[in-house]
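> curious how this folds, go ahead:
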Amino acid sequence: MLINTEHETHKPEMASKKSAKPQAVNSNGRLFTVLGALTAGFAVLIGYSFFVHINHRQEISKSGSDRTVRSIKEPALRGMITDRNGTVLAVSRHLRIPTFNPKAIYEPKRKGDNVNWQTISDEQFAKLAEILKLPESEVRAKMQDTNSKYWNTKAALSLSEADALKALKIPSLRFEEQSERAYPTGSLFSHIVGFSNSKGVGLEGIERTQNDILSGEDGKQIVLRDRYGNIVELLDSPENTPAKVGKTLVLSVDQEIQRLARQELQSAIRHFNAKAGGVVVLDAQTGEILAMVSLPDYDANFYSEYPDESFRNFAVAVAMEPGSSMKPFVVAKAIDDGKIGRYTPFDTRPFTIGRKTIQDTHLYPSLSTEGILQKSSNVGTSKIAAMYSNQALYDFYSSVGIGKKTNSGVSGEQSTPLKPANRWGALDKAVMSYGYALTANLLQMAQGYTIFTTNGRLLPATIFKQEQAPQGTPVIKPETAKLMRDMMVSVTRKGGTGTDGAIEGYDVAAKTGTAKKVVAGGYEDRYRASFIGFAPAHRPRLIVAVTIDEPRGKGYYGGVVAGPVFRGVMGGGLKILGVKPTYQVASEAANTAGGTKKAQ
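Here you go, the predicted model:
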């Protein structure tokens, strides 16, 4: 029994083993079935994808461009330019130019729908036209032109105006950034400051020479734009960089003195029907340019409306024969070397060099060194120059800046090098002593006079405000400079050629200059009248140099034409700076009990 049982029990096991093989075959069949189904599904998906790509490519492309990451430039504002006291001469501000996409505004949401012309209400149109400062009819025509995808309104809006426009919530609005440069003083400093163009590039004046410093650095902002190019979101990104405003430049000029100089020069040009003119005012102890005026001038805010000749800065861009304002230099050289003294006598009757007669406007048989300056004797300075070799005078004229640019920072400066000494003839040496056969611009002459207002040092002229006075370059001895100051006062006193430049209450040291203008083959009867001087003479505070080109009808001598301009600018300038008079005028002294002649 036991054996039978075991046998019966074993049979089922055997049977079960026999049935395992058919089960394995069924399992593999199901696997193949599943794999086949999956393959078919993938094939269907691929086919559908292909179908969509082919038949809906435009829609997919349109949808994919709905949001695009881009970077935009954030333009940097140019740095300000101010005068020495903080008056703004040039400043920039951000402007925004609104643009619209009319097609996007009125495009129907679904194909086949009618255009909704009420997308922008009448009230919105009215306010939009008001902000853009355009006729409402023109705004409607532009905005409802559904064939257009871009309308640049050309309206430069301030930030507050742009905010008012955004508040209208007109679809497709976006702004293009622009900066505007403004010159609050108009034409007053145009030749110094110059101007920049609409792209923020300096073209004239300080704007050009200091363009890199003023320009600053543009920034970058990563943004999200929609399919119409509108900025829909500013994104935080490590690539974002803020714009850096350009450096502020502080000039040495003083607005009050500049305005005064322009008024005085303009009055003289009108009075003498002159062609042009220039004025330079220097701080006598630092070389800083406190004023520089050139007429005719232009308004820097509207520079494109002026002819090119208006951009010429007469004070530096015209190298001219200075005439008798050169005479103090050769006199100072001889005194400094001990060849002559204050009262050394000279035979100042006319004499000849080759075929040229050297003579004065009036006959002075004999003059002292001081008299040569006071009467402006060509004969006297010619004889002083004859004491020197060509090279000695060449070196001295060079040492006071003749033939060299001042490097003051003022743009457009012109300078003609001195003729080499080995090419001078006897006549060259003579006429150079009274301002012919060499040229200098007005700023060079004013800078040269700093050897008289300091202890004999030539100061570098500069258009930039200085923190401290420069040391300067020694040219003559301090005692020579002091003596020259004493002698040059005689020019503005009775008997001198510069009495029209005298200022009540101040000792004024000066020199007049009258030079014929050069034409092809010689000179003609057209003149430049000059007057250069400083005050108070014994403690100089200001140097004023004036030149007027081609005065007509009412005189042409430097003392008569340029002297009154000098007097007005110097007298007013000293008052602006609070410089006390050096003496009391007679009428004041008579009204002051116990009054003294000299101020304490």
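
> got a list of what residue 107 touches?
Going by CB atoms under 8 Å, 6 or more residues apart in numbering, residue 107 touches residue 146. C-beta here means a position set from N, CA and C on the backbone, and glycine is covered the same way.

> right, I mislabeled it, should have said residue 502
Contacts of residue 502 (CB under 8 Å, 6+ apart): 492-493, 508, 567.

> tell me which of these is nearest to residue 273?
Using CB to CB, residue 567 comes nearest to residue 273 of those, at 20.4 Å.

> if I look at the closest one, how far off is residue 494?
Separation of residue 567 from residue 494 (CB to CB, to the nearest Å): 16 Å.

> which of the two has more neighbours?
Neighbours per residue, other CB atoms under 10 Å: of residue 567 and residue 494, the larger number sits with residue 567, 26 against 8.

> burial count for the residue nearest to that one when sequence neighbours are not counted?
Spatially, and ignoring its direct neighbours in sequence, residue 567 is nearest to residue 501 (5.1 Å; CB to CB, 6 or more residues apart in numbering). Around residue 501 there are 32 other residues, counting by other CB under 10 Å.

> go ahead and confirm residue 501 touches residue 559.
Yes: the pair residue 501 / residue 559 is scored as a contact, 6.9 Å apart, by CB atoms under 8 Å.

> which of the contacts of residue 502 has the most neighbours?
Per-residue neighbour counts (other CB under 10 Å) across the contacts of residue 502 peak at residue 492, which has 30 neighbours.

> and it, what pLDDT?
pLDDT for residue 492: 97.

> one more: residue 115?
Predicted confidence (pLDDT) for residue 115: 83.

> which SS class is it?
coil (DSSP: H, G, I helix; E, B strand; the rest coil).

> contacting residues around it?
Counting by CB under 8 Å, 6+ apart, residue 115 touches 106, 108, 146.

> between residue 501 and residue 559, which contacts overlap?
In contact with both residue 501 and residue 559: 512, 531, using CB under 8 Å, 6+ apart.

> just give me the neighbour total for residue 176.
Residues near residue 176, counting by other CB under 10 Å, number 13.

> pretty sure it belongs to a helix, no?
No: counting by three-state DSSP, residue 176 is not part of a helix but strand.

> OK, contacts around it?
The contact partners of residue 176, taken as CB under 8 Å, 6+ apart, are 96-97, 99, 152.

> confidence score at the nearest residue to residue 411 once chain neighbours are set aside?
Excluding its sequence neighbours, the residue lying closest to residue 411 (CB to CB, 6+ apart) is residue 209, at 4.8 Å. Looking at residue 209, its pLDDT stands at 95.

> for residue 524, give the beta-bridge partners.
In this entry, residue 524 is beta-bridged to residue 517, by DSSP bridges.

> hmm, it is touching residue 550, no?
No: using CB under 8 Å, residue 524 makes no contact with residue 550, being 10.5 Å away.

> more neighbours: which of those two?
Between residue 524 and residue 550, counting by other CB under 10 Å, residue 550 is the more crowded of the two (17 against 11).

> grab the nearest non-local neighbour of the more buried one.
Sequence neighbours aside, residue 275 is the residue nearest to residue 550 in space, at 4.1 Å (criterion: CB to CB, 6+ apart).

> ok so, going back, the contacts of residue 176: which two are farthest apart?
Farthest apart among those by CB to CB are 96 and 152. That separation is 11.8 Å.

> of these two, who's got more company?
Taking other CB under 10 Å, residue 96 and residue 152 do not tie; residue 96 has more neighbours (20 against 11).

> so that one: helix, strand or coil?
Of the three states, residue 96 takes strand under three-state DSSP.

> who are the neighbours in contact with it?
156-159, 161-162, 175-178.

> in the sheet, who's paired with it?
Residues in a beta bridge with residue 96, per DSSP bridges, are residue 157, residue 177.

> over to residue 68?
When assigned by DSSP bridges, residue 68 has beta-bridge partners residue 225.

> wait, doesn't it sit right on residue 225?
Yes: counting by CB under 8 Å, residue 225 is a contact partner of residue 68 at 5.1 Å.

> tell me which of these two has more neighbours.
residue 225 (18 against 13).

> now that one: how far from residue 102?
Taking CB to CB, one finds residue 225 at 18 Å from residue 102.

> the stretch 151-300 of the chain: strands as residue ranges?
Counting by DSSP state E, counting those that start in this stretch, the stretch 151-300 of the chain has strands at residues 151-152, 174-182, 195-196, 202-204, 219-225, 231-234, 249-250, 276-283, 289-295.
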